[in-house]
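Participant: How does the following fold in three dimensions:
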Amino acid sequence: MGGNQSWVTEFILVGFQLSAERELLLFWIFSLLYIFSLMANGMILGLICLDPSLHTPMYFFLSHLAIIDMSYASNNVPKMLTNLMNKKRAISFVSCIVQTFLYLAFAATECLILVVMSYDRYVAICHPLQYTVIMSWRVCTILALMSWSCGLALSLVHAILLLRLPFCGPRDVNHLFCEILSILKLACADTWVNQVVIFAASVFVLVGPLCLMLVSYMHILWAILKIQTKEGRRKAFSTCSSHLCVIGLFFGIAMVVYMVPDSNQREEQEKMLSLFHSLFNPVLNPLIYSLRNVQVKGALHRALQRMWSM
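Facilitator: Got it, this is the predicted structure:
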């Protein structure tokens, strides 16, 4: 089996089959989105590190989300941009497996970090007097480490199961990057074990966390309804609705891709859906979770004041 695997030393990422002019347009659009996501998440990470007023559990988890989003985009987008300008579009077998491993690791970790963030908001809104006790720095560190550990462990299992398969041709991966379902279609052996593990992992990092987040936000919304002022309720509803939209898109798309039975007709749609996770989600997260926040705006204002006064 190991000998068969060596038959394929590289894969070809098919990507979009478009004219040169459209691919050039996509290159510039994707480049701008990628640069903006790095700048926005990098700025938020810098503000959280430098401003003492943001050294709280909520911003601690937001800093992890920013790191994940930058890493998530950087794992896929640079190769995607290169392929838009290069007709060869080859990627080595080892690089492909590494890209798959990192993609799954960052995706699973983000799912778990979002759950932790929703729990943090639940405690802050529904149990404000006990917040500092429940969300101590020790608890926050453990929750963050558990999220990263689970994400990396699940991805390692997928990578090991992928490496045990023989790949003897064809080499064309019908995707924008090395996505695990697209690679499995090229294996020269039965992949039912991989499919079962992918489905089980999807239940663990998608269905379970989504249910926990919905329960948290139901409690949060119930607490918001008890707010006396109309303006207070409006602001709280606005924040929660924004969070729920991002969560719904992120988890909904992932569940469609990994839990709905596959078909050849869905391959092109899956390419488009994957763009949300790689490009649009890293842009949306800082806009929704951080840059609309009064404390982050205040920290940014103070940072700019310090820069101008130097």
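
Participant: How about the contacts made by Val77?
Facilitator: Val77 sits next to 30, 34, 278-279 when contact means C-beta atoms under 8 Å, 6 or more residues apart in numbering. For glycine as for every other residue, the C-beta is placed from the backbone atoms N, C-alpha and C.

Participant: Please report the distance of it from Asp69.
Facilitator: In this structure, Val77 and Asp69 are 11 Å apart, going by C-beta to C-beta, to the nearest Å.

Participant: now swap in Ser242 and tell me
Facilitator: When distance is defined by C-beta to C-beta, Ser242 is 16 Å away from Asp69.

Participant: Settle it for me: which of these two has more neighbours?
Facilitator: A direct count of neighbours by other C-beta atoms under 10 Å for Ser242 and Asp69 places Asp69 higher, at 25 against 15.

Participant: Look at that one and report its pLDDT.
Facilitator: Note for Asp69: predicted pLDDT of 92.

Participant: distance between the helix or strand harbouring it and the chain's centre?
Facilitator: Assignment of secondary structure by DSSP states H and E places Asp69 within helix 57-85. Averaging C-alpha positions (C-alpha atoms, centre = their mean, to the nearest Å) puts helix 57-85 8 Å from its chain's average.

Participant: partners of the next helix or strand after that helix in the sheet?
Facilitator: The element immediately downstream of helix 57-85 (helix or strand, assigned by DSSP H and E) is strand 90-92. Taking DSSP bridges as the criterion, strand 90-92 sits next to strand 10-13 (antiparallel) in its sheet.

Participant: List the contacts of the most centrally placed residue in the chain.
Facilitator: Compute the mean C-alpha point of the chain, and by C-alpha atoms, centre = their mean the closest residue is Ala107, 4.4 Å away. Contacts for Ala107 (C-beta under 8 Å, 6+ apart) come out as 72, 151, 205, 254, 277.

Participant: Rebuild the residues you listed as TSV, extending it with distance to Val14.
Facilitator: Converted to TSV, the contacts of Ala107 look like this (distance: C-beta to C-beta, whole Å):
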residue	distance to Val14
Tyr72	22
Gly151	28
Val205	27
Ala254	22
His277	18
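
Participant: three-state assignment of Val8?
Facilitator: Assigned state for Val8: coil (three-state reduction, DSSP: H, G, I helix; E, B strand; the rest coil).

Participant: The residue nearest to it when sequence neighbours are not counted: helix or strand, and which one exactly?
Facilitator: Across the structure, with C-beta to C-beta, 6 or more residues apart in numbering as the measure, the residue nearest Val8 apart from its sequence neighbours is Phe167 (4.1 Å). Element membership of Phe167, judged by DSSP H and E, is empty: it is in no helix or strand.

Participant: Number of residues surrounding Phe167?
Facilitator: Using other C-beta under 10 Å, Phe167 has 22 neighbouring residues.

Participant: Correct me if wrong: it contacts Ala189.
Facilitator: No. Under the criterion of C-beta atoms under 8 Å, Phe167 is not in contact with Ala189, lying 9.1 Å apart.

Participant: and Leu65, how many neighbours?
Facilitator: The number of residues packed around Leu65, counting by other C-beta under 10 Å, is 23.

Participant: Show the pLDDT at it.
Facilitator: According to the prediction, Leu65 has pLDDT 92.

Participant: Which pLDDT value does the model give the residue nearest to it when sequence neighbours are not counted?
Facilitator: Setting aside the residues directly before and after it, Leu65 is nearest to Ile113 in space (C-beta to C-beta, 6+ apart), at 5.6 Å. As summarised for this prediction, Ile113 has a pLDDT of 94.
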